[in-house]
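*Asks:* Quick one, structure for this:
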Amino acid sequence: MRILFLGDVMGRAGRRAITEGLADLKSALKADFTIVNGENASGGMGLTGGHADLLFEAGADCVTLGDHAFDQKDMLTHIAGDDRILRPLNFAKDAPGRGARIFEVSRGRRILVVQALGQVFMKRPFPDPFSAVEAELKRAPLGGRVHATLVDFHAEATSEKMAMGHWCDGRASAVVGTHTHVPTGDVQVLPKGTAYMTDAGMCGDYDSVIGMEKAEPMRRFIIGMPKARFTPAEGPATLSGLFVETDDRTGHAIAAHPIRHGGRLAQALPS
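*Replies:* Here you go, the predicted model:
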């Protein structure tokens, strides 16, 4: 299976890059299944139902969220009617929606997509993500009930993300980190066959401070006083993420490649 994962869509610039570039990117990669993290797509904070529909119309097969899952209040009702949208497994107990789902892919194949939130350095104390992910991996074992599994681990600490990668090694096709908006250079296939990347980066304008216009974040760092709200940067955006090829029999990763398409960080695509 050829799986494309794109990191946090950031504001209007990220949405524009998805609508203008995702179809061509999927075609060039011959992607069988595409997952997009959309948790910052609406004004940099959360995702509206309308913007979720836009991501699906552009070619996403699954949209994951994160700690800003319900910042846009209409997502509280919208997610209940669209099971292609996944909020974190270990979010609030009574949160609507689900944190994992098995999707049907071409030729009878199935992929499990799971999302969880990290605990380290996060603003809220979330329940244990490791046990939450463990339960889903046991429920749909790789090479058995599903042909591939991807875990989107939305977390701040690189160490926690790496621990999740090794925890899932051999039991998931890929573990990819989101949340920090900065793509990491550690793409690899772990010893037991799981593709891993600490952070996919964002789909947004990199002439920014993690997707926000530079002036206000810089002001707060330099003088420690806010003057205005953060606003998403709106220059040319780069689609950032991970492309994974898996063995349909075992579900293990055969190859993994970082994706940087368009904008300031563009690079050649894998064949």
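*Asks:* where exactly do the helices run in the stretch 151-271 of the chain?
*Replies:* In the stretch 151-271 of the chain, the helices defined using DSSP state H, counting those that start in this stretch lie at 158-168, 215-223.
*Asks:* Quick check: which of these has the most neighbours on average?
*Replies:* Of all these, helix 158-168 has the most neighbours on average by mean count of other Cβ atoms under 10 Å, namely a mean of 19. (C-beta placed from N, C-alpha, C; glycine too.)
*Asks:* Next one: Ala92, what pLDDT does it get?
*Replies:* If you check Ala92, the pLDDT there is 85.
*Asks:* where does it land in three-state SS?
*Replies:* Using DSSP: H, G, I helix; E, B strand; the rest coil, the structure places Ala92 in coil.
*Asks:* just Val133 next, same as before
*Replies:* Here Val133 is recorded as helix under three-state DSSP.
*Asks:* ok, it - how many residues close by?
*Replies:* Look at Val133: counted by other Cβ atoms under 10 Å, it has 26 neighbours.
*Asks:* Contact partners for the residue of the chain most remote from its centre?
*Replies:* Distance from the centre of the chain peaks at Ile223, with 33.2 Å (Cα atoms, centre = their mean). Ile223 makes no contacts at all, as judged by Cβ atoms under 8 Å, 6 or more residues apart in numbering.
*Asks:* ok, it to Gly211 distance?
*Replies:* Distance from Ile223 to Gly211, counting by Cβ to Cβ, to the nearest Å: 22 Å.
*Asks:* Same question for Glu57.
*Replies:* Separation of Glu57 from Gly211 (Cβ to Cβ): 22 Å.
*Asks:* Quick one: residues in contact with stretch 74-88.
*Replies:* Stretch 74-88 has contacts (Cβ under 8 Å, 6+ apart) with 38, 46-49, 52, 56, 60-67, 69-70, 95-101, 103, 113-117, 126, 152, 154.
*Asks:* Can you tell me which of these are buried?
*Replies:* The neighbour count (16 or more other Cβ atoms under 10 Å) marks 38, 46-49, 52, 56, 60-67, 69-70, 95-97, 99-101, 103, 113-117, 126, 152, 154 as buried among those.
*Asks:* how about the strands in the stretch 101-250 of the chain?
*Replies:* Assigned by DSSP state E, counting those that start in this stretch, the stretch 101-250 of the chain shows strands spanning 110-117, 148-154, 174-178, 188-189, 195-197, 239-246.
*Asks:* Tabulate those (a markdown table), appending distance to Glu216 and mean pLDDT.
*Replies:* Shown next, in a markdown table, are these (distance: least, Cβ to Cβ, whole Å; pLDDT from 0 to 100):
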| stretch | distance to Glu216 | mean pLDDT |
| --- | --- | --- |
| strand 110-117 | 26 | 98 |
| strand 148-154 | 24 | 98 |
| strand 174-178 | 23 | 98 |
| strand 188-189 | 36 | 98 |
| strand 195-197 | 29 | 99 |
| strand 239-246 | 23 | 98 |
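*Asks:* Nothing else from me, thank you.
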